[in-house]
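# 3D, please:
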Amino acid sequence: MNRLFLLPVGCLLAALFLSGCVSSKKFTSLQTDYQNLNQRYQASQVDLAQSQARVKSLEEQLEQERANNASLKKALAALQSSLDNSINQNTQGNVNISKLVDEINASNKYIQHLVNAKNKSDSLLIVLTNNLTRSLSRDELQDVDVKVLKGVVYISLADNMLYKSGSYEISDRAGDILSKIAKIIQDYKDYEVLVEGNTDNVPINRPNIRNNWDLSSLRAASVVMALQTQYGIDPKRLTAGGRGEYNPVADNNTEEGKTRNRRTQIIITPKLDQFMELIDKAPEKSKDTTQAVAPGT
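You can find the predicted model right below:
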């Protein structure tokens, strides 16, 4: 528009000058104005070009910012999805940890229950042993050995005070000691009794006894029958067994060792089914904890 305006002005000035209608002074003034207008026009053109360049640069920046904004939105969506997954996994992990803690607490209670039961059993066995020992005379204690080993009471009786020589029949002398042992067994009805016969390694030479296995088993059976028939012990609590010469406690090469090996042991133990019941009550492991997801994975 400015260009269209300036061209006629120049032409008009030239025409006036040529026609002689304008004075020299006036023409000079008009020419000066024209030059000023032309300079302003040129300056305006430069400003316009610069403005257009700035607009283009701003448009390019705006487009870049839009692209960046779209990229940021996409990254934000991915982060939100990852955060949601982490929250879900953390929630599941907390549930599994809670279940695991409950199982540990249950197991600790069960273990403490077993410890208490064992401590109670050990205490009762010690009392049992003390009661039996106090009931025996000094002479009887020479032929009877009482001890507690691994939660079991062992009452070891020499064969010369229990049986007739070379026989499995109970002697009259054994009556007093067996009656005292029977009383202890009666007082502790929650315990089972194993009577175990043992011999030295000298082969038996009797027409009605085949070997030391026979002798040890028959002697144990004789004690069991006496406890049942003479002292009223429930036979369901009694077991008879023979170990022959194969469980020695001393050297069979000496007479003293052979004497120690010829013995009958009355073994008093807690009932096995009570321990099996405790085992059956053990807390079961939850299947969920085997698939626990660690938080943040």
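# where exactly do the helices run in the stretch 151-297 of the chain?
In the stretch 151-297 of the chain, the helices defined using DSSP state H, counting those that start in this stretch lie at 159-162, 174-187, 212-229, 255-261, 272-280.
# err, the stretch 1-150 of the chain, not the other one
Using DSSP H, counting those that start in this stretch, the helices found in the stretch 1-150 of the chain span residues 2-19, 24-135, 138-141.
# mean confidence (pLDDT) on stretch 146-155, please.
Confidence over stretch 146-155 (mean pLDDT, whole number) is 84.
# cool, and stretch 94-103?
72.
# quick one: distance of that stretch to the chain centre.
Relative to the chain's own centre, stretch 94-103 is displaced by 11 Å; criterion: CA atoms, centre = their mean, to the nearest Å.
# alpha carbons of it, as PDB, please.
Provided in PDB are the C-alpha atoms of stretch 94-103 (Å, rounded to 0.1, in the frame of the first residue of the first chain):
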ATOM      1  CA  ASN A  94       1.300 -56.300  52.100                       C
ATOM      2  CA  VAL A  95      -1.500 -58.900  52.200                       C
ATOM      3  CA  ASN A  96       1.000 -61.800  51.800                       C
ATOM      4  CA  ILE A  97       3.400 -60.300  54.400                       C
ATOM      5  CA  SER A  98       0.500 -60.100  56.800                       C
ATOM      6  CA  LYS A  99      -0.400 -63.700  56.200                       C
ATOM      7  CA  LEU A 100       3.200 -64.700  56.700                       C
ATOM      8  CA  VAL A 101       3.400 -62.800  60.000                       C
ATOM      9  CA  ASP A 102       0.300 -64.600  61.100                       C
ATOM     10  CA  GLU A 103       1.800 -68.000  60.200                       C
END
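# what residues sit buried inside it?
Across stretch 94-103, burial judged by 16 or more other CB atoms under 10 Å covers 96, 99, 103. In this view, the C-beta of every residue, glycine as well, is placed from N, C-alpha and C.
# I figured Thr264 was touching Leu162, is that so?
Yes: counting by CB atoms under 8 Å, Thr264 touches Leu162, with 5.8 Å between them.
# quickly list what's touching both of those two.
219, 223 (CB atoms under 8 Å, 6 or more residues apart in numbering).
# just checking, which helix or strand of this protein averages the lowest pLDDT?
helix 272-280 (a mean of 51; mean pLDDT, DSSP states H and E).
# which regions of the chain lie under the pLDDT threshold?
Low-confidence segments of the chain (pLDDT under 70): 1-22, 95, 106-125, 272-297.
# residue nearest the centroid of it?
Ile104 (6.6 Å; CA atoms, centre = their mean).
# how far away is it from Gly166?
61 Å (CB to CB, to the nearest Å).
# before we move on, the earlier item: which stretch among the helices of the stretch 1-150 of the chain comes nearest Leu227?
With CB to CB as the criterion, Leu227 lies closest to helix 24-135 of these, at 14.2 Å.
# show me what that closest one is packed against.
helix 2-19, strand 144-149, strand 152-158, helix 174-187, strand 263-270, helix 272-280 (3 or more CB pairs under 8 Å, 6 or more residues apart in numbering; DSSP states H and E).
# and the angle for it with strand 263-270?
140 degrees (axes from the mean of the first three to the mean of the last three CA atoms, to 10 degrees).
# re earlier: export the helices of the stretch 1-150 of the chain to CSV and tack on distance to Leu238?
Shown next, in CSV, are the helices of the stretch 1-150 of the chain (distance: least, CB to CB, whole Å):
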stretch, distance to Leu238
helix 2-19, 132
helix 24-135, 17
helix 138-141, 22
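# to Gly151, which of those helices lies closest?
It is, among these and with distance given as CB to CB, helix 24-135, at 6.1 Å.
# please state the offset of the closest one from the chain centre?
The mean C-alpha position of helix 24-135 is separated from the chain mean by 34 Å, CA atoms, centre = their mean.
# tilt between it and strand 144-149?
Using the same axes, to 10 degrees: helix 24-135 against strand 144-149 is 170 degrees.
# got the contact list for Tyr163?
169-171, 174, 219, 222.
# please redo it, this time with the cut-off set to 10 Å
157, 169-171, 173-174, 197, 215, 218-219, 222-223, 262, 264 (CB atoms under 10 Å, 6 or more residues apart in numbering).
# now do stretch 252-260: distance to the chain's middle.
Distance, stretch centre to chain centre, for stretch 252-260: 52 Å (CA atoms, centre = their mean).
# in that stretch, what's buried?
257-258, 260.
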